[in-house]
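[1] need a structure here:
(chains A and B)
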Amino acid sequence: MALGIVSFALATFGPWFNLLLGYGLMAASIAVAVLGIWWADRSAHQVHRNPGLTNGIFAKSGATLSVVALILSTYYTGLLILVLVFWPLLFVALLLTWAFHRAWVDSDVPSEVQA
Amino acid sequence: MKAARFVFAIGLVVVALLSVPGPAAAFCVIVEPPTPLPTQVNGTQVEIQLTEGFARIVIIKEFYNPSDELKQGQIAFPLEKGHELITDLRMKIGNVTYGSSTQNRTDALNAFLEAIAKGQDAALVQYDPPRDVYWIAVTIPPKEARTTITTLEMPLTKKDGFYEYTYRLSIDARDSLSYLRVHARVETAAPLGDVQIPSHPDLPVIRGGLHFADAYINETRPAATGDLHIRFRAAGTSLSQFADPSGDRYIRFSLDAADPTFASSLRPTPRALVILVDASGSMGFLDRWSLAKDAVRRIASDLGAGESYGVAVFQGATVAPLSPNLQPWTVTGEADLVRFLDSFRPHGSTSFAAPLAQAASWATDARRAGQQPILILVSDGRPTRAPLDPDLEPTYARISYEQAMPIYALAVRPADHDDETVLHNLSAYHRGELVTVRGDVPGPVADLLASIRVPVLGNLQAQIANAANLTFASANPQVVWQGGEAFVIARMRGTANDSLDLRMTWPDASGATRALDLRSAGPEIPVQPLLKRQWVLTRIHALLEAARARADPSVIAELTTLGTENRVATPYTSLLVLLPLPNPSGDRSAAPETSFPDAPIFGAPATFSPASPASSGLSPIFVPPLVAEARKADALRRDVRTSLVAQDEVDRYVAFGSPEYSKLDLQTATSRYEGTYLRILDVGGELVGVHSGLPDSSQLVANGIGFAGIFLAVVGFARVSRRGNRSQHDKEIVDATTQRESVLEIEAPVERTEPPD
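    Numbering: from 1, shown residues only, chains lettered A, B, ... in the order given. Got it, this is the predicted structure:
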């Protein structure tokens, strides 16, 4: 979905290009890509309990495509450059995210054990 | 878990450290200087003085500078050719009025610049050739008012028995904030006849006796009003004189062409209509071409016996005449004309100069045949190839002057006022006029045909016996035109008490010489105080016309001398007012630094350009690809929408580096448009569009990735959807099987619990 949206935005390049529409599509693509990565992550963690949530075998490939879409979107919107310029901030943000993630996963372990 | 908490804590510290403000490198901010408050016009007072053959207008404008900076107030006077000239400038501060001096153009400009550099108040009237306007530049200190008193003068020509004058009152009414006062006085040497003000029919005309009348407008608040148009005439012949203390005597005599004296001698010269029709790309819009074709047919069909016409259509580098020679109007000729015009499709560039060679050839033929050539230019008024306005005007002035050919213009739905003005300026020579077609054709064509005047009496000679140092400002011999007048204005040595012995001779219809003798005792001739100015203005206009056509150094020298001696601003002379410094050692010496240091004297102040790369507020090293793409798209749209392309005025397009491009003579090319992807060159008598950088490779790559991505996404969706359906289907089957098995499992015990038979 995210890749489709970013591709649509790229297809509008040319004399008819509209900056507002371009940014809108790219923002939508980023949002969908983040959702996609979150969904894949959620599927990966819950696959043992509910295999149906993975919809078969698409979680990993979906996440990969979402990451590709995310890279394209951030590159074309200029966010990627910002990220490269302000990489220390991103690094910290990633660390924080990972810390939250680990804290959340760790907090889930006892309930899993109880189940 | 502990490690995670540690990382979380460290992260918070790093974020806090990075949040401390530091030097930013990725963005830069442009600070726009504050926009100065515009100069206000508090009010305008106009004094209009009209007499036989002459108008003097005094415009008093009060300017106020509401800002805290010294300003150069600028007033533009787009005077029409052959009409007003600025003949005086005074500046009033409080109750003190300062007069002007006349200098040649360069000296006056230097003196003005030197004065404002010293912090001195000054005002300058100067001709600005590129814009073809006269400008008054006035320095106004902060929070102060300045009043300029400008005098315009012009000779008036008679048309159908009336002298006419139009004042652009609408401009003053638009600008003046507090008041607008107009006083018009008509005063004639002969008894005053009709006075009409068609533009303001409700305005009362107050008669003050046999010779003068007044009209007043007094508005105390801004009110939209049209231009003021005044017509008047004097009853009977007009003879007047003025003697100045230096011993010069000025005489003016005029007699209407319709006067019975000329009745047996008038012979309207047959017309030869030279019709030049613009078929460039812009004529293909707004139904202009159909209107133009209809107009040309109607104009030509007005011709009578002994008259002729020629039609030439011009588009791009092509000038196509209907016939190589002038021809009379016939029924079969009408069919040929319609067929000829129908064979063109509007396309290509517009060069108003291109068909002039054909027009000159036809004008010469017409003169040879004893006809009066009359040039009629049919166009929407937008030249796109050199020469452009104002360089175009001397070209038309020259042909009009050399061929004694009036130039008329029929503007066919001009796109804007500027286009109409181009045609207006081109049709100002030899009593030509502009008529505009906006809706229907018959009305404007009738107006055009009615406004065409031809000579009715030629070779009229004036002689003044016993006059020393006689100089005629009027043409001698002269040609009298339909509805016009025979007039003599001359300067000689003498006094107002000297008798006048004027003799006018002309050939009658049979070729015999006829004469009018006018003998008058000096004291019997009414005194007209403005006669000297009328002589000067008439002479200067004649010299200006000659200078425009030929730029003869002796003519320019005489013009400069006459303008300087008689305080007239011309393209070669300027008026300058210098005010003494109020405090020579005071602070005003530093004032010019607060003015616009880089602004040209006659240009707008240098302002911040929003199109500059830095204006986006982003550093040029950081342009997001989407923004870059938007800029490219904007540039391409700008190129495509430029008026030359949109109006189909480009004759042909070539690709940069192509064989066609290499054949262009770039040494002689003039650029008409410089875009990102398109340049339009005026080269080899045509407009050539040179496109480069198209198609854009990065756009093609993005489009390729985009369409491929869309395809893959659609395929992916289809597969996921199919698999999803299949999974659902499998699940339903599995569920159904499971359910059936469960039912069986549930039913079996029931069966087993049934009691045996």
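[2] If we go by neighbour counts, what in stretch B:685-700 is buried?
    Going by neighbour count (16 or more other CB atoms under 10 Å in any protein chain shown), the buried part of stretch B:685-700 is B:Glu686, B:Leu687, B:Val688, B:Gly689, B:Val690, B:His691, B:Asp696, B:Gln699. Bear in mind the C-beta positions are built from the backbone N, C-alpha and C, glycine included.
[3] ok, residues contacting it?
    Residues outside stretch B:685-700 that contact it (CB atoms under 8 Å, 6 or more residues apart in numbering or on different chains) are A:13-14, B:316-317, B:348-349, B:351, B:354, B:384-385, B:629, B:632, B:636, B:644-645, B:649-657, B:661, B:664, B:672, B:676-681.
[4] Looking at the buried residues of stretch B:685-700, which gets the smallest pLDDT?
    Taking the buried residues of stretch B:685-700 together, the minimum pLDDT is found at B:Asp696 (73).
[5] The stretch 651-757 of chain B: helices as residue ranges?
    Assigned by DSSP state H, counting those that start in this stretch, the stretch 651-757 of chain B shows helices spanning B:659-662, B:697-753.
[6] what does chain A give?
    A:2-11, A:19-46, A:59-77, A:79-85, A:87-114 (DSSP state H).
[7] Report the contact partners of the spatially most central residue of chain A.
    Taking CA atoms, centre = their mean, the centroid of chain A lies closest to A:Val34, which sits 2.7 Å from it. Contacts for A:Val34 (CB under 8 Å, 6+ apart) come out as A:Ser66, A:Leu70.
[8] ok so, going back, which of the buried residues of stretch B:685-700 sit farthest apart?
    B:Glu686 and B:Gln699 (30.4 Å; CB to CB).
[9] just the CA coordinates of stretch B:427-436, formatted as PDB?
    Presented in PDB, the C-alpha positions along stretch B:427-436 are these (Å, rounded to 0.1, in the frame of the first residue of the first chain):
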ATOM      1  CA  SER B 427      -1.600  56.400 -35.400                       C
ATOM      2  CA  ALA B 428      -0.700  59.800 -34.100                       C
ATOM      3  CA  TYR B 429       1.000  61.000 -37.300                       C
ATOM      4  CA  HIS B 430      -0.500  63.400 -39.800                       C
ATOM      5  CA  ARG B 431      -3.900  63.600 -38.100                       C
ATOM      6  CA  GLY B 432      -4.300  59.800 -38.000                       C
ATOM      7  CA  GLU B 433      -6.600  58.300 -35.400                       C
ATOM      8  CA  LEU B 434      -7.200  55.100 -33.500                       C
ATOM      9  CA  VAL B 435     -10.500  53.300 -33.600                       C
ATOM     10  CA  THR B 436     -11.100  50.200 -31.500                       C
END
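[10] next one: that stretch to chain centre, how far?
    15 Å (CA atoms, centre = their mean, to the nearest Å).
[11] helices or strands next to the helix or strand that contains B:Asn42 in the packing?
    Under the criterion of DSSP states H and E, B:Asn42 resides in strand B:40-51. If contacts are counted by 3 or more CB pairs under 8 Å, 6 or more residues apart in numbering or on different chains; DSSP states H and E, strand B:40-51 sits against strand B:54-64, strand B:162-167, helix B:169-175, strand B:176-187, strand B:228-234.
[12] one more time with 7 Å, if that's ok
    Judged by 3 or more CB pairs under 7 Å, 6 or more residues apart in numbering or on different chains; DSSP states H and E, strand B:40-51 is in contact with strand B:54-64, strand B:162-167, helix B:169-175, strand B:176-187.
[13] could the ones you listed be laid out in a markdown table, adding distance to B:Gly193?
    Converted to a markdown table, those look like this (distance: least, CB to CB, whole Å):
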| stretch | distance to B:Gly193 |
| --- | --- |
| strand B:54-64 | 17 |
| strand B:162-167 | 9 |
| helix B:169-175 | 24 |
| strand B:176-187 | 10 |
